[in-house]
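*Asks:* sharing a sequence plus its predicted fold:
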Amino acid sequence: MKSFFVIIVCLIFSILSSAQESKLKKYQANSIYLQQSFEGSRYIKEGQKYKLGFMSSKLKQELQISPNAVVEFKKYQTNRWISIGLYVASSALLIHSISGEEFKTTSFWLSVGTATTFGLFNIHALNKREKAVWYYNQDILR
Amino acid sequence: MKLSLFISLFIISSFSLYSQGAISEQYKDNSIYLQRSLFGHKYVKGGQIYKVGFMGNKLKKEMQVNPNAVVAFKKYRTNQVVAASIAVVGSALVIWRFSDQEYEDLSIFSSALITVGWAGILTELAYSRLQKSIWRYNQDLLR
């Protein structure tokens, strides 16, 4: 009876350690992190660099397996589109302010304001993408 | 004997299920991810937001437990120091030129632009090092 219990305890310990080992392997093979380089933004998976694509479309395909990541990614996309719109508006206002004979102060300050709002939306968008990747890395362990 | 075998199997499978859940929970509670803000970077751990601190000082304490994370973290600090130095030297140069009436406005503007550009690129590269360091930290939570 004593040896029977010893076997059971050994089995439990081996199950615990193998569960940890398999999670680690799963994580090493599937987890993602984002990187910036001179070539632009990339994501790394299993030591390989991949392009994010326009509006991180390639990253989006990876995140599909995690419903939480998909929700956060949609928020990223919404904020990113708004920030792109603001960027275009800001550039147009800046060009308008310096074009022509006279410098247009109102347009210039409107451009500065729009650029600041763009910055805020852009930061918010990037944070959502970061959170989406975190959710994904978490969900691959389930 | 049959009953004890059944009980053993039940206990083993319960432990197996529990361990799977426990590892995921441990990861959820202790893993870190970064967030940007207008006033420096922040990190989130267990749903709480913390400041990264000057040159990542506050985050450094978290990274200490993991030698792999520390290596990438040191590279982040080096990049950050270089970026900050360029920003400081560049700003000083711009202020100095600004005070000199003989310089044309265009040269001041272009040197400011170059300084900000380089400091920005190096800060982004440093941020990448920080992300790698955090990825390693998160990975080692599973060891």
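*Replies:* Happy to help now that I have it.
*Asks:* alpha carbons only for contacts and neighbour counts from here, please
*Replies:* Noted.
*Asks:* quick one: contacts for the residue of chain A found nearest chain B?
*Replies:* The minimum distance from chain A to chain B, using CA to the nearest CA, falls at A:Gln35 (4.8 Å). Applying CA atoms under 8 Å, 6 or more residues apart in numbering or on different chains, one finds that A:Gln35 lies in contact with A:Ser41, A:Arg42, A:Tyr43, A:Ile44, B:Leu125, B:Ser128, B:Arg129, B:Gln131, B:Lys132.
*Asks:* after the helix or strand where the fourth one lies, heading C-terminal, what element do we hit next?
*Replies:* Looking back up the chat, that one is A:Ile44. Under the criterion of DSSP states H and E, A:Ile44 resides in strand A:40-45. Scanning forward in sequence from strand A:40-45 by DSSP H and E, the next helix or strand is strand A:48-51.
*Asks:* where along chain B do the strands fall?
*Replies:* B:32-35, B:42-45, B:48-51 (DSSP state E).
*Asks:* quick one: closest of those strands to chain A.
*Replies:* Chain A lies closest to strand B:32-35 among these, at 5.2 Å (CA to the nearest CA).
*Asks:* which helix or which strand is home to A:Ala92?
*Replies:* Here A:Ala92 is assigned to helix A:67-98, by DSSP H and E.
*Asks:* related to what we said a few turns ago, which two in the contacts of A:Gln35 are spaced the farthest apart?
*Replies:* With distances taken as CA to CA, the most widely separated pair in the contacts of A:Gln35 is A:Ile44 and B:Leu125, at 14.5 Å.
*Asks:* hang on, the earlier thing: out of the contacts of A:Gln35, who's the most crowded?
*Replies:* When neighbours are counted by other CA atoms under 10 Å in any protein chain shown, B:Arg129 leads the contacts of A:Gln35 with 26 neighbours.
*Asks:* roughly how far does that residue sit from chain A?
*Replies:* Distance from B:Arg129 to chain A, counting by CA to the nearest CA, to the nearest Å: 8 Å.
*Asks:* so that residue sits against B:Gln80, correct?
*Replies:* No. Contact criterion CA atoms under 8 Å: B:Arg129 and B:Gln80 do not qualify, at 9.8 Å.
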